[in-house]
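Enquirer: Provided below are the primary sequence and the corresponding predicted coordinates.
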Amino acid sequence: MSDEKRVALVTGGGTGIGAACCRALAAEGFRVGVHYRSSEGKAKALAESLDDAFTIRSDLAVPEETDALTAELKDVAGRVDVLVNNAGFNVNAPMLSMKLDDYDAVASMGRGAWYLTKNILRRFMLRKKTGRIINISSVVGHTGNPGQIPYTMVKAGLDAFTKSLSQELAGRDILVNSVAPGFIDTEMTEELPEEVKAAILARIPQQRMGTPEEVADVVAFLASRGNYVNGCVIHVNGGMFGG
């Protein structure tokens, strides 16, 4: 990569794990693009707290908005060296009561990650013959989780996407990896009933939830130093699942 400041785009970067990734990548010297769909206030506040960061909005479920985002990135940043596919969406419901529209809304995030990655590769990474793509999947893509079938399908699909794309890009300095968090202390898990939290903790050998920063540390390593790590799924779950 050149001496020009490298750019990292983090989708769903305004909150939770995405926000921690933005902070960790900024600390590594990246200019960070904080993507958001609806968390505008949090995304802008985060970007203002980082050196030379910027915000960018799109609904990744809409291909036309992804095309517009890619064009805007060309104007605002001129390059993308690291793409972190973190944005996600979930609807909790048993299979027999889940509506088709809910399934489609969750499943569209997998398609969105695929399409954004395709755009970023074509517009930025393939031209420079270098880049890092990091997909944020989940432990539940490997263990399953009741009431979250579409979500687990998307997360498992991201790991398969990682393995296949890394092989398609063989021979180029464009590395593709997944980071699969376990149960992380975020706004989503804060809303869980205490008995559910207790059941989760009983499954974790370290007997605590992880922090967003612990996930972000792995992302920062892959973005900056993991030069011989490719096509891998790295689990960050306190020993809950070993892969």
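Expert: That came through fine.

Enquirer: what about residue 242, which helix or strand?
Expert: Taking DSSP states H and E as the definition, one finds residue 242 inside no helix or strand.

Enquirer: Show me where the protein dips below the pLDDT cut-off.
Expert: Where the chain drops to pLDDT under 70, the residues are 1-3.

Enquirer: Now do the strands in this protein.
Expert: 7-10, 31-36, 54-57, 82-85, 130-136, 173-181, 233-236 (DSSP state E).

Enquirer: Format those as JSON lines; extra columns: mean neighbour count.
Expert: (C-beta placed from N, C-alpha, C; glycine too.) Formatted as JSON lines, the strands of the chain follow (neighbours: other CB atoms under 10 Å):
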{"stretch": "strand 7-10", "mean neighbour count": "29"}
{"stretch": "strand 31-36", "mean neighbour count": "27"}
{"stretch": "strand 54-57", "mean neighbour count": "20"}
{"stretch": "strand 82-85", "mean neighbour count": "28"}
{"stretch": "strand 130-136", "mean neighbour count": "24"}
{"stretch": "strand 173-181", "mean neighbour count": "23"}
{"stretch": "strand 233-236", "mean neighbour count": "20"}
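
Enquirer: Turn these into TSV, including distance to residue 156.
Expert: Shown next, in TSV, are those (distance: least, CB to CB, whole Å):
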stretch	distance to residue 156
strand 7-10	22
strand 31-36	23
strand 54-57	28
strand 82-85	14
strand 130-136	11
strand 173-181	10
strand 233-236	10
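
Enquirer: which stretch among those comes nearest residue 152?
Expert: Evaluated over those, closeness to residue 152 peaks at strand 173-181, with 11.6 Å, by CB to CB.

Enquirer: Specify the angle between that closest one and strand 130-136 in degrees.
Expert: Using axes from the mean of the first three to the mean of the last three CA atoms, to 10 degrees, the direction of strand 173-181 lies 20 degrees away from that of strand 130-136.

Enquirer: Mind giving me the packing neighbours of strand 173-181?
Expert: strand 130-136, helix 149-168, helix 212-224, strand 233-236 (3 or more CB pairs under 8 Å, 6 or more residues apart in numbering; DSSP states H and E).

Enquirer: Show me the one of these that comes nearest residue 205.
Expert: strand 233-236 (12.5 Å).

Enquirer: The closest one pairs with which strands, parallel or anti?
Expert: Using DSSP bridges, strand 233-236 pairs in its sheet with strand 173-181 (parallel).

Enquirer: so how far is the partner strand off the chain centroid?
Expert: Its chain's average C-alpha position is 10 Å from that of strand 173-181, according to CA atoms, centre = their mean, to the nearest Å.

Enquirer: residue closest to the middle of the protein?
Expert: Nearest to the mean C-alpha position of the chain, by CA atoms, centre = their mean, lies residue 86 at 1.8 Å.

Enquirer: phi, psi of it?
Expert: The phi/psi pair for residue 86 (degrees, to the nearest 10) reads phi -110, psi -30.

Enquirer: With residue 183 instead?
Expert: In terms of degrees, to the nearest 10, the main-chain angles of residue 183 are phi -90, psi 120.

Enquirer: Residue 212 is in contact with that one, correct?
Expert: No: when contacts are counted by CB atoms under 8 Å, residue 183 is not listed as touching residue 212 (11.8 Å).

Enquirer: Can you say which of the helices and strands packed on strand 173-181 is packed in most?
Expert: Most buried of the helices and strands packed on strand 173-181, by mean neighbour count (mean count of other CB atoms under 10 Å): strand 130-136, with a mean of 24.
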